[in-house]
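Trainee: Pasting a predicted model and its sequence here:
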Amino acid sequence: MSEKNREGKRTARERMADEREKRKKAEKRRRALIVGASVLCVLGLAAVIGVIAASSGGDDESEASGPVVAPSGALGKDGLAIPVGKESAKATLTVWEDFRCPACKVFEQNYSPTIHELTGSGQLKVEYHLVTLIDNGLGGTGSRNAANAAACAQDAGKFAAYHDVLFENQPPESDDAFADGGKLIELAGKVDGLDTPAFRTCVEDGTHNSWVAKSHEAFQKGGFSGTPTVLYEGRNINQDRSMTPEKFKRMVEEANKGQ
């Protein structure tokens, strides 16, 4: 083989090696971006919290200063908790969620069948708090608008079903699709009896926007580091690596023993 041919093959190999290295670096950057975005809603690192704190003013702040229109049946100060399940249940789960947060969707995918079973049997009540972590970190209004729409669904007695529909149809984290009221109304069509003139007006007018802002403010004041924050007996079970839906079910059943 001539020296020229050897050089040509070596150059081709080098080009292929360079291309493979470029692809590896591009994939590494892509994964880093995905992980970084997930950190926003899962870990709440100090740097991210700083961004959130810095951007927590603006529209949300002005809305928080206005009249708070709590959804029907909401509990607690300013009516910031939306209850699901029987009030007589002996076990209570407190959940802080953002409808744009991928980690919240993962939690719902893993735990919602168990939660539905336990709330349906009267053993568990859940208090949902809605926040706008992703809006504040990545920009947009999808977290707020989806939370407002969920509050509108609560007014219609359809919160639990619509809550599930929103997570089942969650767009990619960087896609602010839930900012579109038309999209939120379209998804209401998946819940029997929810798409009514009253619901549409509530969504389009942002009736509960100030309530959503107050809810997020309470999240910040609570010192929580990210979403989902899922509290059972004072601890965030979503951060417990040993926790499973089966283990959680046993804990709730234990709390209801002898009742």
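Mentor: Everything's here; your move.
Trainee: Quick one: the strands in the stretch 151-259 of the chain, in order.
Mentor: Taking DSSP state E, counting those that start in this stretch as the criterion, the stretch 151-259 of the chain carries its strands at 229-232, 235-236.
Trainee: where does the chain dip in pLDDT?
Mentor: Applying pLDDT under 70 to the chain picks out residues 1-66, 258-259.
Trainee: And the contacts of stretch 161-170?
Mentor: Stretch 161-170 is contacted from outside by 99-100, 102, 104-105, 108-109, 112, 128, 146, 149-150, 153, 178, 187-188, 190-192, 194, using CB atoms under 8 Å, 6 or more residues apart in numbering. Backbone N, C-alpha and C define where each C-beta goes, glycine included.
Trainee: can you give me the helices for the stretch 151-259 of the chain?
Mentor: 159-168, 181-188, 197-205, 209-221, 245-255 (DSSP state H, counting those that start in this stretch).
Trainee: buried set for the fourth one?
Mentor: Right, the one you point to is helix 209-221. For helix 209-221, the neighbour count (16 or more other CB atoms under 10 Å) marks 209-219 as buried.
Trainee: Let's have these in CSV, adding distance to Thr132.
Mentor: Below are those laid out as CSV (distance: CB to CB, whole Å):
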residue, distance to Thr132
Asn209, 10
Ser210, 12
Trp211, 12
Val212, 6
Ala213, 8
Lys214, 11
Ser215, 8
His216, 5
Glu217, 10
Ala218, 12
Phe219, 9
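Trainee: which of these lies closest to Gln239?
Mentor: Using CB to CB, Phe219 comes nearest to Gln239 of these, at 15.9 Å.
Trainee: ok, the closest one to Trp211 distance?
Mentor: 13 Å (CB to CB, to the nearest Å).
Trainee: Same check on Gly140?
Mentor: From Gly140 to Trp211 the distance is 19 Å (CB to CB).
Trainee: Quick test: name the residue nearest the centre of the chain.
Mentor: Nearest residue to the geometric centre of the chain (CA atoms, centre = their mean): Asp98, 2.8 Å.
Trainee: and that one, what does it touch?
Mentor: Neighbours of Asp98 in contact, by CB under 8 Å, 6+ apart: 41, 104, 130-134, 143, 147, 227.
Trainee: change it to 6 Å
Mentor: 104, 131, 133-134, 143, 227 (CB atoms under 6 Å, 6 or more residues apart in numbering).
Trainee: Many thanks, we can stop here.
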